[in-house]
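> I'd like to go over a predicted model; first the sequence, then the structure.
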Amino acid sequence: MNGHETLGERLAQQGVSRRAFLKFCTAMASLMALPPGSATAIAEALVKAKRPSVIWLSFQECTGCTESLTRSYSPTLESLIFDMISLDYHHTLQAASGYGAEKSREDAMQRFFGKYLLLVDGSIPFKDNGIYSTIAGRTNLDLLQEAAKGAAAIIAVGTCAAFGGIPNAKPNPTGAMAVSDIIKDKPIINISGCPPIPAVITGVLAHYLTFGGLPELDELGRPKSFYGETIHDRCYRRPFYDQGKFAKTFDDEGARNGWCLFELGCKGPTTHNACATTKWNGATSFPIESGHGCLGCSEPHFWDAGSFYSALSMPSSPLNLVTDAAVAGAAVGIGVSVANRMKKNSAKSAHVTATIADLKK
Amino acid sequence: MKSQTIPIYAQTDAAYSIGNLGALLSEISARLTNLAENGEAGMIDLNSLPFAPGEYEQLRQTLGQGEVSAHIEAIGPSEIIETGYPGVWWVTHYNVEGDIVADMLEIAHIPEILKSQAADIAEGLELLRAQLNDKGQP
């Protein structure tokens, strides 16, 4: 690979016009949840950007995160973003195997020391010196600590790498830990979700390329542009919550009318992610649109947070919407306009915690 | 219960008119006012907004189609349509596989993507001059 080639030079070689590139940047702005008018500024920055080396390490995981990315809905967009990075090691995707594969990782670490991006999916077993997961005879713990030393930044992809995820669920037999539990001296960005939304993975890469740094993060290390609001805040069924209209079972009149799934255990009010707007499978739908509540998979310890079908004990504060929408900038109008304080307050006061006895049997 | 006995109701678009559309139309109106009075263009990213099933189609019906439509072919097609409200453009970018990669309402005199870009103009001019040099002045 050529680590010094700029993206502009590469695009010019491929005969991509500036208009085509502006179109691409409009899509990128949408992806990064930036104001849509920022496409021109993004284009100017990206043309000068150099391709960074990326090393992707997969540890105690199910490969769902890689599946999410490689099965993403817009292959052209993703491939263009992948064109912008040099993926020097990914043991599932690379053609090399055995000693050759490990050598490519070592070469990239040496050549781009201090400059490469380290992507990690999967948690890291810590118990018994990390013996429960090894690659080429070395523990995940050892590989992570070695690769982290020369990384400019680390991106923890998926809830396992970000928070420990399912391997970390009780009784956590391998002592699974998050990347941030082990590495303390590098900037770490958490892209949680089980799996994370592919557009969020590429959006963070695009942000790094455009601005040369990591985006603004929330208190759990997640990019605010994607995790700044809850599923509930951006849910199209939110007006029904405000009106106090709830489905009581999965096949009642309320469910058929598309009412709020709060009482059926939806974790939308406490889950920060972009599913409600970015959606899944080519923006076809997301769990709530398909009639099932949110499981809260982008939050820490979601697997141990009680039944997926138990209602959250407290309705979310009506004031949260206004605060969060103010942060959201361009999309403020719709959220605030929909919010009806009076209805919301009456919904809150009339609200009682519900359980779904049948599903718990 | 037999599957045949499960009641099935036809879902109409009207059943999903739950308020998101009205809020969006108000925002379009505010931005169009800003364009008319101050000449300031604006954009609304439709991908970032919550739509109930059917509301997106309702938005299309409500805005309708105006006098201008354009097609761009650049890393996949793009469709640019002036809606029934002059100054409100619906800009949809597709990738080569036909998936939507960006879906915007642009409130402007002319959408940015339709303008010839300075870098492309410079490159085209260079080609034209080279051609003139090859063939000589007619």
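Looks like it came in fine.

> Tell me, how many residues neighbour residue 38?
You didn't pick a chain, so chain A it is. 18 (other C-beta atoms under 10 Å in any protein chain shown). C-beta: built from backbone N, CA, C; applies to glycine.

> hm, I was asking about chain B
Residue B:38 has 8 nearby residues by other C-beta under 10 Å.

> While we're on it, how confident is the model there?
Here the pLDDT value assigned to residue B:38 is 96.

> How about residue A:41?
pLDDT, residue A:41: 83.

> you'd agree it is in a helix?
Yes: under DSSP: H, G, I helix; E, B strand; the rest coil, residue A:41 sits within a helix.

> That one and residue B:29, how far apart?
Separation of residue A:41 from residue B:29 (C-beta to C-beta, to the nearest Å) stands at 27 Å.

> With residue A:200 instead?
32 Å.

> out of these two, which sits in the busier spot?
residue A:200 (28 against 13).

> okay, now the nearest residue to the more buried one once chain neighbours are set aside: neighbour count?
Ranked by C-beta to C-beta, 6 or more residues apart in numbering or on different chains and with sequence neighbours excluded, the top spatial neighbour of residue A:200 is residue A:226, at 4.8 Å. By other C-beta under 10 Å, 29 other residues sit near residue A:226.

> Which secondary structure state does the residue most central in space within chain B sit in?
Nearest to the mean C-alpha position of chain B, counting by C-alpha atoms, centre = their mean, stands residue B:91 at 1.8 Å. Look at residue B:91: counting by three-state DSSP, its state is strand.

> what's across from it in the sheet?
residue B:80, residue B:104 (DSSP bridges).

> check contacts around it.
Neighbour list for residue B:91: B:78, B:79, B:80, B:102, B:103, B:104, B:105, B:106, B:111, B:113 [criterion: C-beta atoms under 8 Å, 6 or more residues apart in numbering or on different chains].

> Can you get me a residue count around the closest residue to the second one other than its chain neighbours?
Yep, that's residue B:79 we're talking about. Nearest residue to residue B:79, sequence neighbours excluded (C-beta to C-beta, 6+ apart): residue B:92, at 4.8 Å. As a burial measure, residue B:92 scores 15 neighbours (other C-beta under 10 Å).

> ok, residue B:92 touching residue B:71?
No: counting by C-beta atoms under 8 Å, residue B:92 does not reach residue B:71; the two are 10.7 Å apart.

> what's the overlap in contacts for the two?
With C-beta under 8 Å, 6+ apart, residue B:92 and residue B:71 have common neighbours B:78, B:79, B:80.

> can you tell me how far the second one sits from residue A:181?
Think residue B:79. Distance from residue B:79 to residue A:181, by C-beta to C-beta: 48 Å.

> Check the last one too.
Spatial separation of residue B:80 from residue A:181 under the definition C-beta to C-beta is 49 Å.

> Also the first one?
Distance of residue B:78 to residue A:181, given as C-beta to C-beta: 45 Å.

> What ranges does chain B have for its helices?
Secondary structure of chain B, counting by DSSP state H: helices at B:20-38, B:55-63, B:118-135.

> would you list these in JSON lines and tack on distance to residue A:208?
Below are those laid out as JSON lines (distance: least, C-beta to C-beta, whole Å):
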{"stretch": "helix B:20-38", "distance to residue A:208": "31"}
{"stretch": "helix B:55-63", "distance to residue A:208": "32"}
{"stretch": "helix B:118-135", "distance to residue A:208": "24"}
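
> now the ones you listed in TSV, with distance to chain A?
Listed next are these as TSV, based on distance: least, C-beta to the nearest C-beta, whole Å:
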stretch	distance to chain A
helix B:20-38	3
helix B:55-63	7
helix B:118-135	4
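
> Which of these sits closest to residue A:134?
Residue A:134 lies closest, by C-beta to C-beta, to one member of these: helix B:55-63, at 49.1 Å.

> List the contacts of the closest one.
Under C-beta under 8 Å, 6+ apart, the answer for helix B:55-63 is A:236, B:13, B:16-18, B:20-21, B:24-25, B:28, B:46, B:51, B:83-85, B:88, B:90.

> List buried residues within those residues.
A:236, B:16, B:18, B:20, B:21, B:24, B:28, B:46, B:51, B:83, B:88, B:90 (16 or more other C-beta atoms under 10 Å in any protein chain shown).

> who's in contact with the fifth one?
Contact analysis of residue B:21 by C-beta under 8 Å, 6+ apart lists B:55, B:58, B:59, B:62.

> let's go with 7 Å and repeat that
Counting by C-beta atoms under 7 Å, 6 or more residues apart in numbering or on different chains, residue B:21 touches B:55, B:58, B:59.

> Residue A:310 - how many residues pack around it?
For residue A:310, using other C-beta under 10 Å, the count is 18.

> would it count as being in a helix?
No: assessed with three-state DSSP, residue A:310 is coil; it does not lie in a helix.

> That one contacts residue A:264, doesn't it?
No: applying C-beta atoms under 7 Å as the test, residue A:310 and residue A:264 come out as separate, 9.4 Å apart.

> Roughly how far does residue A:112 sit from chain B?
Computed with C-beta to the nearest C-beta, to the nearest Å, the distance linking residue A:112 and chain B is 29 Å.

> ok, that residue - how many residues close by?
21.

> excluding its backbone neighbours, what's nearest it?
In space, residue A:112 is closest to residue A:53, 4.2 Å off (C-beta to C-beta, 6+ apart).

> And for the one you found, the neighbour number?
For residue A:53, using other C-beta under 10 Å, the count is 22.

> Looks to me like residue A:119 is in a helix.
No: under three-state DSSP, residue A:119 falls outside any helix and is assigned strand.

> That one touches residue A:54, doesn't it?
Yes: the pair residue A:119 and residue A:54 qualifies as a contact (C-beta under 7 Å) at a distance of 6.2 Å.

> Looking at these two, which is more packed in?
More neighbours surround residue A:119 than the other of residue A:119 and residue A:54, with 29 against 22 (other C-beta under 10 Å).

> which non-adjacent residue is nearest that one?
Leaving out its chain neighbours, the residue that sits closest to residue A:119 by C-beta to C-beta, 6+ apart is residue A:56, at 4.3 Å.

> The one you found contacts residue A:89, correct?
Yes: counting by C-beta under 7 Å, residue A:56 touches residue A:89, with 6.3 Å between them.

> Contacts only, for residue B:113.
A:19, A:22, A:23, B:72, B:78, B:80, B:91.

> So which of the residues you listed is the closest to residue A:162?
Nearest to residue A:162 among those, with distances taken as C-beta to C-beta, is residue A:23, at 32.3 Å.

> first to last residue in stretch A:155-175, what's the distance?
21 Å (C-alpha to C-alpha, to the nearest Å).

> Sort out which residues of it are buried, please.
A:155-168, A:172, A:174-175.

> Next step: the residues you listed restricted to strands.
Among the buried residues of stretch A:155-175, the members found in strands (DSSP state E) are A:155, A:156, A:157.

> Closest to residue A:211 out of the residues you listed?
So of these, ranked by how close each gets to residue A:211 (C-beta to C-beta), first place is residue A:155, at 14.6 Å.
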